[in-house]
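[1] Could you work out the structure for the sequence below:
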Amino acid sequence: MLYGSIEAGGTKFVCAVGDETLEILHRESFPTTNPEQTMKDVVAFFKPYEEQMAGIGIGSFGPIDIHEDSPTYGFITSTPKVAWQNFDFVGMMKREFSVPIAWTTDVNAAAYGEYRFGHGQDVDSVVYYTIGTGVGGGAIQKGRFVEGFSHPEMGHMLVVPHVDDSYKGNCPFHGNCLEGMAAGPAIEKRLGKKGADVPETDPFWLIEAEYIAQCVYNTTLMLSPDVIILGGGVMKQTHMLEKVRKAFTKLMQGYVQTPPLATYIVTPALEDNAGTMGCLALAQKVACSTEK
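    Next comes the predicted model:
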């Protein structure tokens, strides 16, 4: 019995197959181009495993429709990626594979991976952010995603511009939201080079850390989670975590007592595997629930 994982990101799709213990047996990635080409690659990846496949978990870039009673359930909806707007992702996969499919956002999938196998083990409440090409957030409370009329869009919370930052923001909808001020493209447009090429000593990183700390501050006061996990390419700058913790402490001013920051504000224990492991676990979960 095998399980499939599709981590559908804005720049690439990562597909994987895992066994009953969720050990990854095979993984490949494909560029996110248009649905015709990308989904052709996805289907070709899974076809050799079709007879053994018990379930598939999909974590997709969004916005997506998560409500099973909706006529557009399983669709990518109003995404800025024009070719993918109103794409029936789940419907297309069900036409190719007769297995139960779990469907959520890419960042929810990563949050679930950490909840099951990473820093979220043995706690009730987990919030996961990815800070990279875009910014997204997912929250889990006692094994369930926190969502209502739709999934959260935490990456678009407004942040207060830093006093030393004249940049107006890269988000076409909100300007100075978290994504508009702190995502990878905002760094590149502000500084003229990618974040990976900005030295650790550049004072900009203190500005970046304050924006991320505002996110952690807002999340702390709204959800009081047990742990906040900061993933994505920006947080691969190893010096950033301590800068964020210091900026958060300054913002909070002791108003609430959080768990120790060394365990409260962390980077993913699963590193780049969080999304894949989350999708595999969701595939296993939906397969087991369907069998009952």
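[2] Packing partners of the helix or strand that Val127 is a member of?
    Element membership of Val127 [criterion: DSSP states H and E] is strand 125-131. The helices and strands touching strand 125-131, judged by 3 or more CB pairs under 8 Å, 6 or more residues apart in numbering; DSSP states H and E, are helix 106-117, strand 135-141, helix 204-223, strand 227-231. Placement of C-beta: from N, CA and C, glycine included.
[3] got those as CSV, with distance to Pro31 columns?
    CSV is the format used below for the helices and strands packed on strand 125-131 (distance: least, CB to CB, whole Å):
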stretch, distance to Pro31
helix 106-117, 16
strand 135-141, 20
helix 204-223, 27
strand 227-231, 21
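[4] Leaving out chain neighbours, which residue sits closest to Gly132?
    Gly232 (3.5 Å; CB to CB, 6 or more residues apart in numbering).
[5] okay, now the one you found: neighbour count?
    Gly232 is flanked by 22 other residues according to other CB atoms under 10 Å.
[6] Distance of it relative to Pro260?
    Distance of Gly232 to Pro260, computed by CB to CB, to the nearest Å: 23 Å.
[7] ends of stretch 192-205, how far apart?
    Start to finish, the residues bounding stretch 192-205 are 15 Å apart (CA to CA, to the nearest Å).
[8] Please apply the same query to stretch 139-147.
    End-to-end distance (CA to CA), stretch 139-147: 8 Å.
[9] That stretch: how far from the chain's middle?
    14 Å (CA atoms, centre = their mean, to the nearest Å).
[10] buried residues in that stretch?
    Residues Ala139, Ile140, Phe145, Val146 are the ones in stretch 139-147 that count as buried (16 or more other CB atoms under 10 Å).
[11] Quick one: residues contacting Asp19.
    Contacts here follow CB atoms under 8 Å, 6 or more residues apart in numbering; on that basis Asp19 touches Met1, Leu2, Tyr3, Leu25.
[12] Now do the SS call for the last one.
    What DSSP: H, G, I helix; E, B strand; the rest coil gives for Leu25 is strand.
[13] and it, how far is that from Ala16?
    Distance from Leu25 to Ala16, by CB to CB: 8 Å.
[14] on that earlier part again, winner for burial among the helices and strands packed on strand 125-131?
    Of all the helices and strands packed on strand 125-131, helix 106-117 has the most neighbours on average by mean count of other CB atoms under 10 Å, namely a mean of 28.
[15] Off-centre distance for the helix or strand harbouring Cys288?
    Using DSSP H and E, Cys288 sits in helix 274-291. Distance, stretch centre to chain centre, for helix 274-291: 16 Å (CA atoms, centre = their mean).
[16] by contact count, what packs against that helix?
    strand 2-8, strand 12-18, strand 24-31, strand 53-60, strand 101-105, helix 106-117.
[17] what do you get if the cut-off is 7 Å, keeping everything else the same?
    strand 2-8, strand 12-18, strand 53-60, strand 101-105, helix 106-117 (3 or more CB pairs under 7 Å, 6 or more residues apart in numbering; DSSP states H and E).
[18] Need those in JSON lines (columns: mean pLDDT).
    Output for these, formatted as JSON lines (pLDDT from 0 to 100):
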{"stretch": "strand 2-8", "mean pLDDT": "98"}
{"stretch": "strand 12-18", "mean pLDDT": "97"}
{"stretch": "strand 53-60", "mean pLDDT": "98"}
{"stretch": "strand 101-105", "mean pLDDT": "97"}
{"stretch": "helix 106-117", "mean pLDDT": "97"}
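[19] can you tell me which residues contact the closest residue to Gly278 other than its chain neighbours?
    Distances taken as CB to CB, 6+ apart put Gly113 closest to Gly278, at 3.2 Å, once the chain neighbours are dropped. Contacts for Gly113 were tallied using CB atoms under 7 Å, 6 or more residues apart in numbering; they are Leu270, Ala274, Gly275, Met277, Gly278, Ala281.
[20] Look up how far Ile187 lies from the spatially closest residue to Asp164 that is not a sequence neighbour.
    Closest residue to Asp164 apart from its sequence neighbours, by CB to CB, 6+ apart: Ile207 at 6.3 Å. Separation of Ile207 from Ile187 (CB to CB): 10 Å.
[21] Over to Glu23?
    For Glu23, the distance to Ile187 (CB to CB) stands at 36 Å.
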